[in-house]
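Trainee: Dropping the sequence and predicted coords here.
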Amino acid sequence: MPDFQPFVPASENRPEFTVRAVLLGSLFGIVFGAVTVYVGLRAGLTVAASIPIAVLSISILRAFGRSSILENNIVQTTGNAGQSIAAGVIYTLPALIFLGFDLEYSRIFILALIGGFLGVFFMIPLRRQLIVQEHGNLTFPEGTACAEVLIAGEKGGSFASRVFFGLGLGALYTFFQNENLFGAWPGTPEFQPDFGPQHILKGASIKADATPEYLGVGYIIGPRTSGVIFAGGVFSWLVLMPLIYFFGKGLPHPIYPGTVPIAQMGPSDLWSTYIRPMGAGAVAAAGLITLIKTLPTILSALSSGFANLRPVAAGKAKPIRTENDLSMGVVVAGSILLVACMFIFLEFKPVPGAFVGWAANLAASLLVVFFGFLFVTVSSRIVGLIGSSANPISGMTIATLMATAAIFLVKGWTAPAFGALAISIGGVVCIAAANAGDTSQDLKTGYIVGSTPRLQQIALMIGVLVSTVAIGFTLRLMNEGLTEFHAAPQAWSLTAPHPGVNVQNDTVSLHDQFPVIGRDKTTTVHHKSEYIVLNAIGSPELADGKYLYSPATHQIEVQWISGIGSEKAAAPQARLMATVINGILSRKLPWGLVFLGVFLVIAVELLGVRSLSFAVGAYLSIGTTLAIFTGGVVRWMVDSAVKKAGGNANAEGDVSPGSLYASGLIAAGGIIGLLGVALKLYESTFDKEDPIALPHTFLYHDWVSVLAFAALAFSLYYFARKPLKK
């Protein structure tokens, strides 16, 4: 679109790639990358970070002297990389845990780094076509909104105070609410219905994880999406689970995949045993349906993308500043180097217990190139049409995993090690596609404000490198900090055959001593030397997971529940990826439950409802979906009040007072929540009591928790209705 003129003309040079801009952007990349991991593992959702980062950057740089709009753009470009990389990581790599492998920091770091860099490199040759030539056709909604914030800030507008209010009040609330910190009142108020002699609704549960991050997420995604998500939770927790209990309570024996009779199960047991496989099938089907519905856009994206890769005529003049990209030589050499690094890493640092040989590792590296470029092209164009929030990343990853697993199946590569290899391929592709989508948005922002593309692309790679350090650490922290050990005595013979159960010789991730929660909720300290670790995957006798066998008593004594995959960090997308791999390679799945989820999604689609949101809600704990729905209700109240006052409810968008305050709540909940997880890990590692926990007083009741959450929700309503200062 040759008539377009950016805010900063190409002929004008302003401070852009400065040391302070890169350092501040790197700091935001670390913070928002960690927050995205924390919130995404718990809620199954991620929220764009570019606008909050831009808002904060304008205020912070202005406090240290005069700032340039191009500097602020470099800050948000560098910082936003953390959010996109984190999203790709949490959707895939935790699946290694569900496949029975340990989650190593070095593996997370290398795979995230390769995927992040590929997302940037593969996007560079597409920039001119997608961002410049189709400026009038591809809106890139988040990128355009971020540019509007930057331009308003350059003209003197200030929005940061609303974000800081959300950060402050959200942090104060979280310190008292979080059970790993002060724990002044219950973090998750719950009511388990059981009415009359017929035990009506027994097996159901109504609860809410009353956290500021869920409230903020619900507000930003709005009442429609949050309502659909909550509808999925209502179906699972208030319809299906009571139904399972009603029909199964009289059966004296377990029903697969359960290992105890249904009458002995509580709501959390019913959810983890029967709802999660159904939810995984629902999310898989919804992801594929979303992919099929966007197939015309995907084919168009591929056609346009490949057409744009024609060689440039020799002798072309040096491009102007606003059209100066990294050279194709850098792109090609960097991509080849990354693929070589992928092969070397897989060959010399395989997943423990999953060595597959050089041929499989070479095939994996080539598949990364093929699927990576395919879906980077698709992702970059789709986000221009429908935005990053609607980008079907999970559907693309499912397609990658299904194709990869199908190739492995034909080759006879069906051992568990190949499942880990498939997840490595899918993880890199997912991270590349997620980062390419956000890279496109950032480059669109830069095009509108008049940034130098080459400097933005370098900033993106710095953001990838820095944030990846924090993302791997946060993922490990979440898994170890939320890990619990529960007493689960069960007779067991090591010499008898047990299909699907193996002895795990590598026990590095198990601490020398750890607390075990008894059935009476008391805690005792056990020692690693007392046990042999068993790993169960697809066993008819044990639920998937790890168990500690005692040679002294000749029985399983403890169930080892990893933090990721528990109700506190459900990681629905990663569970789905593991389900896809297991379903194709091992063919050991509760297929009845999986197909129940598939046909549930088909029914929802026939009703005209977006099935992916419903499927995620059906998988997650109702504690998550109810809290998110509360935020959606506040948004509906704000929109209704705006309409009643004669305003435009559609103006409540990315740069509204409510969305900025909600962004502060999300950041506060994530940051302080991570502090709580770190404190819990310290306590379990060194056998210390919580040094800051408050004694349980008259405040420690569910009604206090409900009132406190309602007060926080009111603060969101109040600040959403209060206009921003110009």
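Mentor: Great, that's in hand.
Trainee: Next, Ser68: phi, psi?
Mentor: phi -110, psi 150 (degrees, to the nearest 10).
Trainee: try Val501
Mentor: Taking degrees, to the nearest 10 as the convention, Val501 sits at phi -120, psi 130.
Trainee: So for it, what's the pLDDT?
Mentor: Val501 is assigned 85 on the pLDDT scale.
Trainee: right, and the helix or strand after the lowest-mean-pLDDT helix or strand in the chain?
Mentor: Taking mean pLDDT, DSSP states H and E as the measure, the chain has helix 295-307 as its least confident helix or strand, at a mean of 62. As assigned by DSSP states H and E, the chain's next helix or strand after helix 295-307 is helix 328-348.
Trainee: Only the buried residues of the helix or strand following that next one, if you could.
Mentor: Per DSSP H and E, helix 328-348 leads on to helix 358-386 as the next helix or strand towards the C-terminus. Going by neighbour count (16 or more other Cβ atoms under 10 Å), the buried part of helix 358-386 is 360-361, 363-365, 367-369, 371-385. All C-beta spots, glycine's among them, are computed from the backbone N, C-alpha and C.
Trainee: again with stretch 500-508
Mentor: By 16+ other Cβ under 10 Å, the buried positions in stretch 500-508 come out as 500-502, 504.
Trainee: what's the answer for stretch 596-604, then?
Mentor: Residues of stretch 596-604 classed as buried by neighbour count (16+ other Cβ under 10 Å): 596-598, 600-601, 604.
Trainee: Mind putting those residues into a markdown table with distance to Phe345, pLDDT and secondary structure?
Mentor: Formatted as a markdown table, the buried residues of stretch 596-604 follow (distance: Cβ to Cβ, whole Å; pLDDT from 0 to 100; DSSP: H, G, I helix; E, B strand; the rest coil):
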| residue | distance to Phe345 | pLDDT | secondary structure |
| --- | --- | --- | --- |
| Leu596 | 39 | 93 | helix |
| Gly597 | 35 | 91 | helix |
| Val598 | 35 | 91 | helix |
| Leu600 | 39 | 95 | helix |
| Val601 | 36 | 93 | helix |
| Val604 | 41 | 95 | helix |
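Trainee: Among the buried residues of stretch 500-508, which are located in strands?
Mentor: 501-502, 504 (DSSP state E).
Trainee: Distance to Glu484 added to these, as TSV?
Mentor: Below are these laid out as TSV (distance: Cβ to Cβ, whole Å):
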residue	distance to Glu484
Val501	21
Asn502	22
Gln504	18
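Trainee: which of those lies closest to Gly258?
Mentor: Within those, the smallest distance to Gly258 is 16.2 Å, found for Val501 (Cβ to Cβ).
Trainee: correct me, but that closest one touches Leu542?
Mentor: Yes. Using Cβ atoms under 8 Å, Val501 makes contact with Leu542 at a distance of 6.1 Å.
Trainee: shared neighbours, the two?
Mentor: 534, 536 (Cβ atoms under 8 Å, 6 or more residues apart in numbering).
Trainee: And the biggest helix by length in the chain, how far out from the chain middle?
Mentor: As assigned by DSSP state H, the longest helix anywhere in the chain is helix 416-449. Offset of helix 416-449 from its chain centre (Cα atoms, centre = their mean, to the nearest Å): 13 Å.
Trainee: and after that helix, which helix or strand comes next?
Mentor: Following helix 416-449 in sequence, per DSSP H and E, is helix 453-481.
Trainee: after that following helix, next one along is what?
Mentor: strand 484-491.
Trainee: show me the contacts for Ala420.
Mentor: 96, 99, 101, 351, 354 are the contacts of Ala420 under Cβ under 8 Å, 6+ apart.
Trainee: In three-state terms, label Gly646 for me.
Mentor: coil (DSSP: H, G, I helix; E, B strand; the rest coil).
Trainee: Next, it: phi, psi?
Mentor: phi 90, psi 10.
Trainee: Can you get me a residue count around it?
Mentor: A count of nearby residues for Gly646, using other Cβ atoms under 10 Å, gives 6.
Trainee: For it, list the residues it contacts.
Mentor: With Cβ under 8 Å, 6+ apart, Gly646 has no contacts at all.
Trainee: For the chain, just list every one of the strands.
Mentor: Using DSSP E, strands in the chain cover 190-191, 206-207, 484-491, 501-504, 513-517, 523-527, 532-536, 545-550, 555-561.
Trainee: Which one, of those, ends up nearest to Ala615?
Mentor: Of all these, strand 206-207 comes closest under Cβ to Cβ, at 20.6 Å.
Trainee: The closest one pairs with which strands?
Mentor: strand 190-191 (antiparallel) (DSSP bridges).
Trainee: now the strand it pairs with: mean pLDDT?
Mentor: Per-residue scores along strand 190-191 average to 94.
Trainee: Just the CA trace of stretch 206-225, in PDB.
Mentor: C-alpha atoms of stretch 206-225 as PDB (Å, rounded to 0.1, in the frame of the first residue of the first chain):
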ATOM      1  CA  ILE A 206     -19.200 -25.900  43.100                       C
ATOM      2  CA  LYS A 207     -16.000 -24.000  43.800                       C
ATOM      3  CA  ALA A 208     -13.900 -21.000  42.600                       C
ATOM      4  CA  ASP A 209     -10.200 -20.400  42.600                       C
ATOM      5  CA  ALA A 210     -10.700 -16.900  43.800                       C
ATOM      6  CA  THR A 211      -7.500 -15.400  42.200                       C
ATOM      7  CA  PRO A 212      -7.000 -12.000  40.600                       C
ATOM      8  CA  GLU A 213      -5.500 -13.500  37.400                       C
ATOM      9  CA  TYR A 214      -8.700 -15.500  36.700                       C
ATOM     10  CA  LEU A 215     -10.800 -12.400  37.300                       C
ATOM     11  CA  GLY A 216      -8.700 -10.400  34.900                       C
ATOM     12  CA  VAL A 217      -8.600 -13.100  32.200                       C
ATOM     13  CA  GLY A 218     -12.400 -13.400  32.400                       C
ATOM     14  CA  TYR A 219     -12.800  -9.600  32.000                       C
ATOM     15  CA  ILE A 220     -10.500  -9.400  29.000                       C
ATOM     16  CA  ILE A 221     -12.000 -12.300  27.100                       C
ATOM     17  CA  GLY A 222     -15.500 -11.000  27.800                       C
ATOM     18  CA  PRO A 223     -18.900 -12.400  28.900                       C
ATOM     19  CA  ARG A 224     -19.500 -14.500  25.700                       C
ATOM     20  CA  THR A 225     -16.300 -16.500  25.700                       C
END
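Trainee: what about that stretch, average pLDDT?
Mentor: 90.
Trainee: In that stretch, which residues are buried?
Mentor: 206-223, 225.
Trainee: and that stretch, how far from the chain's centre?
Mentor: 15 Å.
Trainee: Next: stretch 256-271.
Mentor: 27 Å.
Trainee: Now do the buried residues in it.
Mentor: 257-259, 262, 265, 267, 269-271.
Trainee: coming back round to it: include distance to Asn178 when you put the strands of the chain into CSV, please.
Mentor: Listed next are the strands of the chain as CSV, based on distance: least, Cβ to Cβ, whole Å:
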stretch, distance to Asn178
strand 190-191, 16
strand 206-207, 16
strand 484-491, 16
strand 501-504, 32
strand 513-517, 19
strand 523-527, 19
strand 532-536, 30
strand 545-550, 26
strand 555-561, 20
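Trainee: Of those strands, which shows the lowest average pLDDT?
Mentor: Averaging pLDDT over each of the strands of the chain puts strand 501-504 lowest, since it has a mean of 83.
Trainee: Per-residue pLDDT of the residue nearest to Ala147 when sequence neighbours are not counted, please?
Mentor: Nearest-residue entry for Ala147: Ile448, 3.8 Å, with adjacent residues in sequence omitted and distances by Cβ to Cβ, 6 or more residues apart in numbering. If you check Ile448, the pLDDT there is 90.
Trainee: what's in contact with stretch 544-560?
Mentor: So stretch 544-560 is contacted by 98, 100, 483, 485-494, 504, 510, 516, 526, 530-538, 542, 561-562 (Cβ under 8 Å, 6+ apart).
Trainee: Okay then, goodbye and thanks.
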